[in-house]
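*Asks:* got a sequence here, can you build the structure:
(chains A and B)
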Amino acid sequence: MSIVPGTTASSNGFAVRTENLCRHYRMGQAVIRAVDGISFQVRSGEFVALLGASGSGKSSLLNLLAGLDQASSGVVEVEGRNLAALSRPELARHRLHTVGMVFQSFNLIPSMSLIENVELPMRFAEVDRSKRGALAERALQRVGLSGRVRHRPAELSGGEQQRAALARALINQPRILLADEPTGNLDSHTGTEIMNLIREFNQSLGMTVVMVTHERALAESYASRMIFLSDGKLVAEQAVVPGGAQ
Amino acid sequence: MKLHDVTELAMRNLRESVLRNSLTTVGIAVGVASLVAMLALGVGLQQLASRRLERSGLFDTVVVMSRRDLRDFGREQQENGPAPAQSPALNETARQKIEKLPNVLEAYPDIRFVTEVRFEDKPYLTMVAGLPFSAKSNDSFEGMQGNFFSSDAAAEAILQRSFAEELLEKRSKPGEPEAAIASLAKPLLGKELSMRYVERTASPSANADMSTASYSVTSRTETLKIVGVTDLDPESMRGAQRGRVFIPLKLVQNLHVMQVADLRDTTNVVGSEPAYTTLSVRVSTPKYVPAVEQAIKKLGFNTFSIVDATRNLRQFFAVLDLFLGIFGSLALAVASIGIVNTLVMAILERRREIGIMKALGASDGDVRGLFFAEAGAMGILGGIVGVLFGWLLGRVINFGTNVYLQRQNFPPAQIWYVPGWLVGGAIGFAIVLSLLAGLYPANRAARLDPVQALRYE
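*Replies:* So this is what the prediction gives:
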């Protein structure tokens, strides 16, 4: 088996693998241990929920998997690539092609219409301009927003914005979806709609999903496994009993 | 990210903060306008001075004399050339030979003579000079009242201002303002002068071996129509002496006017062909003058020219342009600080947006390129508007200066000139400076930590 830079043979079969992963930073004299020696694996196509109270290190861990942040020590491998060994441009390519992200606050660019927001990652990926419009429209149609493509985010409800964010996250066909509290700003009905969409992508496309949430019920309904964090440490792992999903 | 995508996103971002970006662009435009105005003034002044010098004929004219005159303009010429007695005569044959030399535009004899001119039955003693017809096209007659000669041998005269004043008895006293050229020309144009001259006619008894020559002289009168009055001496430094009445050179030659040199030739026989006192040789550019002089010397004539002083003039204007450019660039330098300020503000405002773009896969290069494109776009737009603004400013300055010059009885002058290289250079300079100004903000945006940027509200 050939080993390319940033790739390790041990990651076979895992979409995500961390080993004694740490992310420490200083705040004045104090050392904050946001992620403190976490080791876990996520198989390809698995739906995993990271649970924990506020400040437990869920989002910090997700940022490390996304390549938005650099680990202080330990190993973080995504799709067989050791992110610690990647350069800044390689990390950017990792965010562009390997992972897609959705956030609690949607993070759509307010000055752009929905279609422009969805087209944005394709601009970074240098997708041919003649194909972009149709691809973006199809993605928006898939999340039920075909009639709102020219609207700006401010003209849409929270649920619609999150659906647009989901379309944007998936437009470059990443293998992993990283969702940071995707229903945190939504009412329960809209939250369910979004979660159903995420599950549909997980099941129909075989996409790996790592979702941060503090709602255990939500995790039990959609995830196949729950990982509990506290004070930056992994405190428990629990498989969800099949059939528990709503 | 592809260039057109970078450009498109940059334009959209500029439109989002249209007022602030417009003000920054106006700042660049003012800087470019100031640079263009300053340099255009330097170029205009340089052209004005060069044109005056070119017209004076100081640096592109070689005066040719026969060695037989024994006039010594340079010891070296006498020492190295043929002895005067063996040297050729400066006649029509020699003129044609010189005119065929490389880089020579024309060679024409300086025919001037003092004679009596009658105007309204009053006699005036003055210097009459033959003027080549080519003088019509070398814009020496700027500001002349009336017209140039209708043909190369027309019986017409152009008067020098001082002679026109003499004819009209309007000579201004020292300290008094000069009469306007138009007021001098009005009563004179179309009137007639009668010029007395002595015609030299070659005698048919002249020997073919040139051992003897004879000619007869006859006193004659030629009537000349006044067609123009000129402020400047059209030939200025060309030729040894200035004329006060100019008539077509061909006319003088056709009239076979006897000159002082003819008398000298009677004691110094070389043939029946009349000799010229001097020839004026016009060279295409001042830099060929030494080569042309060398070639004429080889033919056995003495030459005289003024060393190319335009080099010093160019050096002076190069220094002047440099300083004008530096002063002009100051405003542009201030404007570039405006770009830095605008883009740094944009980073603060769009911090979260930069974080989102990075989370979506934008590389440092994409973000840097975006800010560069915004700076460059402001530079291009500011540069173009600035050049237009500077050009307009120059037109206004030119107009104002000419109004002032006219009031002071000076001919109009173009003191302000925008050459093509200045247009391209100013826009290019604005773009380069804008990109340099964008360097710091673009790098700062590119290095932004995406996690921090995404937390920013």
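*Asks:* show me the shaky parts of chain B.
*Replies:* Applying pLDDT under 70 to chain B picks out residues B:52, B:54-58, B:69-85, B:137-143, B:172-178, B:203-214, B:232-242, B:260-273, B:307-311, B:457.
*Asks:* so whichever residue of chain B sits closest to chain A, which state does it fall into?
*Replies:* Nearest to chain A in chain B, going by C-beta to the nearest C-beta, is residue B:361, at a distance of 2.7 Å. C-betas here are computed from N, CA, C, even on glycine. Per DSSP: H, G, I helix; E, B strand; the rest coil, the secondary structure class of residue B:361 is coil.
*Asks:* ramachandran coordinates for it?
*Replies:* phi 120, psi 10 (degrees, to the nearest 10).
*Asks:* list the contacts of the closest residue to it other than its chain neighbours.
*Replies:* Of all residues not flanking residue B:361 in the chain, residue A:96 sits nearest, at 2.7 Å (C-beta to C-beta, 6 or more residues apart in numbering or on different chains). Residue A:96 makes contact with A:121, A:124-125, A:172, B:360-362, according to C-beta atoms under 8 Å, 6 or more residues apart in numbering or on different chains.
*Asks:* ok so residue A:96 is a helix residue?
*Replies:* Yes: looking at residue A:96 with three-state DSSP, it is inside a helix.
*Asks:* contacts for the helix or strand in which residue B:186 is found?
*Replies:* Here residue B:186 sits within helix B:181-188, counting by DSSP states H and E. Helix B:181-188 has contacts (C-beta under 8 Å, 6+ apart) with B:143-146, B:159, B:161, B:164-165, B:167-168, B:170, B:226, B:228-231.
*Asks:* returning to what we had before: drop anything exposed from the contacts of residue A:96.
*Replies:* A:121, A:124-125, A:172, B:360-362 (16 or more other C-beta atoms under 10 Å in any protein chain shown).
*Asks:* how about the residues of chain A near chain B?
*Replies:* A:63, A:66, A:68-69, A:88-89, A:92-93, A:95-97, A:101, A:103, A:107-109, A:111-112, A:120-121, A:123-126, A:129, A:168, A:172 (C-beta under 8 Å from any C-beta of the partner chain).
*Asks:* tell me where chain A is predicted with low confidence.
*Replies:* Those would be A:1-12, A:242-246, if you go by pLDDT under 70 across chain A.
*Asks:* host element of residue A:161?
*Replies:* Assigned by DSSP H and E, residue A:161 falls in helix A:158-170.
*Asks:* likewise for residue A:24?
*Replies:* strand A:14-27.
*Asks:* elements contacting the helix or strand just after that strand?
*Replies:* Going down the chain from strand A:14-27, the next helix or strand is strand A:30-43, by DSSP H and E. For strand A:30-43, the packing partners by 3 or more C-beta pairs under 8 Å, 6 or more residues apart in numbering or on different chains; DSSP states H and E come out as strand A:14-27, helix A:58-66, strand A:73-78, strand A:208-213, strand A:233-239.
*Asks:* tell me the SS of residue 150?
*Replies:* In the absence of a named chain, this looks at chain A. Residue A:150 - assigned by three-state DSSP - is coil.
*Asks:* try chain B instead
*Replies:* coil.
*Asks:* report how many residues lie close to the nearest residue to it once chain neighbours are set aside.
*Replies:* Leaving aside its sequence neighbours, residue B:150 sits nearest to residue B:156 (C-beta to C-beta, 6+ apart; 6.4 Å). Neighbours of residue B:156 under the rule other C-beta atoms under 10 Å in any protein chain shown: 21.
*Asks:* can you check residue B:24 too?
*Replies:* Should you count by other C-beta under 10 Å, residue B:24 turns out to have 28 residues around it.
*Asks:* next one: it from residue B:375, what distance?
*Replies:* 9 Å (C-beta to C-beta, to the nearest Å).
*Asks:* who are the contact partners of the residue nearest to residue B:150?
*Replies:* Counted by C-beta under 8 Å, 6+ apart, residue B:156 has contacts B:149-150, B:224-227, B:247-248.
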